[in-house]
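Enquirer: mind looking at a prediction? Sequence and model below.
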Amino acid sequence: MRRFDCAVIGTGPAGQKAAIQAAKLGKKTVVIERSGVLGGAAINTGTIPSKALREAVVHLTGASFRGLFGESYRVKRNITVADLIFVSEQVIRHELDLIRGHFDRNNIELVWGEAHFVSPNLLEVVRPEDAERLSADFFIIATGTRPARPESVPFNEHSVFCSDSLLRLERLPKSMIVVGGGVIGTEYACMMATLGVKVILVEGRRELLGFLDHEITEAFQYHMRRLGTTLRLGEKVAKIEQIPCNGTDGPLVQATLESGKTLRAQTLLYAIGRQGTTEALQLENVGLAPDDRGRLKVNAHYQTVVPHIYAVGDVIGFPALASTAMEQGRLAVCHAFGEPTCSIPELFPYGIYAIPEISMVGKTEDQLTEAGIPYEAGIAQYKELARGQLLGDETGMLKLLIHQETHQILGVHAIGSNATELIHIGQAVMAFNGTVDYFINNVFNFPTLAEAYKVAALNGLNKLRHI
């Protein structure tokens with residue numbers, strides 16, 4: 001039986017960074033992967049494939065340049081699934097090589113197989129041909145999640161599918177129903193609509209992406225409707241079934257809503273919820289119990305109720321983003337081995353790779369109002385910026401939320417081209433407790449989207465001065 005200082009279960013973003021951090025601290029580290037391929041959902045079915053798909057969609061359809069060249073502009077007229085998947089495969093192959101290289105350079109032991117706890121400090125890793133036992137002082141559970149697949153939904157992988165199997169589509173459908181208006185559902189709905197697929201998005205809440213600033217959500221919903229997407233908000237699906245069709249398109253999928261409406265399309269993407277992949281870990285052997293969605297509860301240091309067992313990444317729930325998962329893995333290991341850290345979880349940025357991009361950091365207007373914090377909003381529209389005009393993006397915007405008395409930046413919200421990149425300028429200023437005066441007194445390259453910070457700052461200060 002081999003012994004390690006740190007054992008990491010899972011090789012997704014959280015597991016990778018946890019293992020590398022432990023190795024950098026000089027700890028003997030093992031990382032265990034059961035799926036036969038490195039990278040977890042982020043590399044193989046989630047973050048990287050979907051973002052590669054998005055970039056291919058935006059480029060091949062010419063969507064990002066239609067503001068300059070007109071709505072009919074396209075780089076390629078007849079786009080096939082093969083065109084889209086080619087880009088994704090190249091990126092995935094590159095990322096897998098990077099991960100393996102990082103593990104090798106840091107002398108991290110990689111063990112293939114399915115791990116489960118035998119006792120608080122003992123794992124058994126089972127493979128088809130054999131099994132072995134590993135002991136460790138600390139454990140990092142980074143097993144991630146998988147799409148929820150309720151028995152009531154007739155999944156068949158070609159017309160009714162989850163986000164994992166969508167990436168295996170053989171051809172682009174003419175129409176699609178997307179059930180679920182969370183991050184995954186909205187991202188894929190935007191991609192399909194941009195490709196010319198007739199999309200109907202069904203969401204039980206009255207608005208999409210409820211954690212965003214309300215004004216950004218409104219702008220995003222406007223963009224989706226401009227893409228041709230039909231939004232059925234405040235509606236829930238009661239039944240999903242396949243029905244025959246006398247036309248040339250073959251069988252259709254029908255979604256019956258609780259309100260009695262029926263929706264029909266060639267395909268249906270079910271994107272409501274994800275399930276933590278903890279069932280195989282035999283957590284009862286160490287006194288841990290996941291919730292009904294397989295997720296683990298942790299404290300501020302990512303410790304479970306068993307102090308030497310940590311959990312990070314999607315398996316602990318919101319925000320379930322690759323970026324936050326990486327930082328959680330690093331912080332968990334540093335805490336386990338007493339390494340001082342400086343992190344600001346309340347300033348973790350959120351990035352949504354829809355079309356258009358959305359990003360935010362800090363508080364929303366609703367949160368500030370509820371907390372009784374006096375603020376003013378400074379707004380810059382992309383159409384006011386030369387760079388926005390050059391990109392053909394006349395509908396993007398950046399919003400700064402400014403404390404009325406101290407002028408501190410309380411939140412930054414962006415929608416439009418490069419929003420997920422642009423947000424980090426505001427994040428850095430907030431981390432150093434900067435005020436809106438930073439943007440007023442500094443010079444930004446011209447023309448850039450970053451200039452939006454100065455425009456928004458001036459707009460906010462003018463409001464405060466009643467100009």
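Expert: Thanks, I have it. Residues are numbered from 1 along each chain as shown.
Enquirer: give me the below-cutoff pLDDT ranges for the protein.
Expert: 42-46, 62-78, 80-82, 246-249, 467 (pLDDT under 70).
Enquirer: what's the closest non-adjacent residue to the residue nearest in space to the middle of it?
Expert: Centroid-nearest residue in the chain, with C-alpha atoms, centre = their mean: residue 321, separated by 4.3 Å. Nearest non-adjacent residue to residue 321, counting by C-beta to C-beta, 6 or more residues apart in numbering: residue 350, 6.6 Å away. For the C-beta atoms, the positions are set from N, CA and C on the backbone; glycine is no exception.
Enquirer: list phi and psi for the one you found.
Expert: Backbone dihedrals for residue 350, given as degrees, to the nearest 10, come out at phi -110, psi 130.
Enquirer: quick check, it in contact with residue 362.
Expert: No - using C-beta atoms under 8 Å, residue 350 is not in contact with residue 362, being 10.2 Å away.
Enquirer: settle it for me: which of these two has more neighbours?
Expert: residue 362 (23 against 19; other C-beta atoms under 10 Å).
Enquirer: how near is the nearest residue to that one once chain neighbours are set aside to residue 218?
Expert: Using C-beta to C-beta, 6+ apart and skipping the chain neighbours, the partner closest in space to residue 362 is residue 411 (3.5 Å). Residue 411 is 16 Å from residue 218, where distance means C-beta to C-beta, to the nearest Å.
Enquirer: pretty sure residue 376 sits in a helix.
Expert: No - judged by DSSP: H, G, I helix; E, B strand; the rest coil, residue 376 forms no part of a helix; its state is strand.
Enquirer: specify the beta-bridge partners of it.
Expert: For residue 376, the beta-bridge partners are residue 402 (DSSP bridges).
Enquirer: run through the residues that contact it.
Expert: By C-beta atoms under 8 Å, 6 or more residues apart in numbering, the contact list for residue 376 reads 401-402, 404, 460, 463-464.
Enquirer: looking at the chain, which strand is longest?
Expert: Looking across the chain with DSSP state E, the single longest strand is strand 131-141.
Enquirer: which residues sit against the following helix or strand past that strand?
Expert: Next helix or strand after strand 131-141 toward the C-terminus (DSSP states H and E): strand 145-147. Strand 145-147 has contacts (C-beta under 8 Å, 6+ apart) with 41, 162-164, 270-271, 273-277, 294-295, 314-315, 320.
Enquirer: just checking: what are the partner strands of strand 145-147?
Expert: Strand pairing (DSSP bridges) places strand 145-147 next to strand 274-276 (antiparallel).
Enquirer: re the thing from before, of residue 411 and residue 218, who's got more company?
Expert: Neighbour count, other C-beta under 10 Å: between residue 411 and residue 218, residue 411 has more, with 21 against 14.
Enquirer: residue 212 is in contact with that one, correct?
Expert: No - Residue 411 sits out of contact with residue 212 when judged by C-beta under 8 Å, with a separation of 10.9 Å.
Enquirer: give me the common contacts of these two.
Expert: Common contacts of residue 411 and residue 212, defined by C-beta under 8 Å, 6+ apart, comprise 360, 364.
Enquirer: next, count neighbours for residue 432.
Expert: Counted by other C-beta under 10 Å, the residues lying close to residue 432 total 7.
Enquirer: enumerate every residue touching the residue nearest to residue 321.
Expert: 211-212, 319, 321, 359-361.
Enquirer: how about those residues in JSON lines, adding distance to residue 53?
Expert: Below are the contacts of residue 350 laid out as JSON lines (distance: C-beta to C-beta, whole Å):
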{"residue": "211", "distance to residue 53": "24"}
{"residue": "212", "distance to residue 53": "22"}
{"residue": "319", "distance to residue 53": "21"}
{"residue": "321", "distance to residue 53": "17"}
{"residue": "359", "distance to residue 53": "19"}
{"residue": "360", "distance to residue 53": "23"}
{"residue": "361", "distance to residue 53": "26"}
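Enquirer: let's have those residues in CSV, adding secondary structure and distance to residue 129.
Expert: Shown next, in CSV, are the contacts of residue 350 (DSSP: H, G, I helix; E, B strand; the rest coil; distance: C-beta to C-beta, whole Å):
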residue, secondary structure, distance to residue 129
211, coil, 46
212, coil, 49
319, coil, 39
321, coil, 37
359, strand, 46
360, strand, 48
361, strand, 48
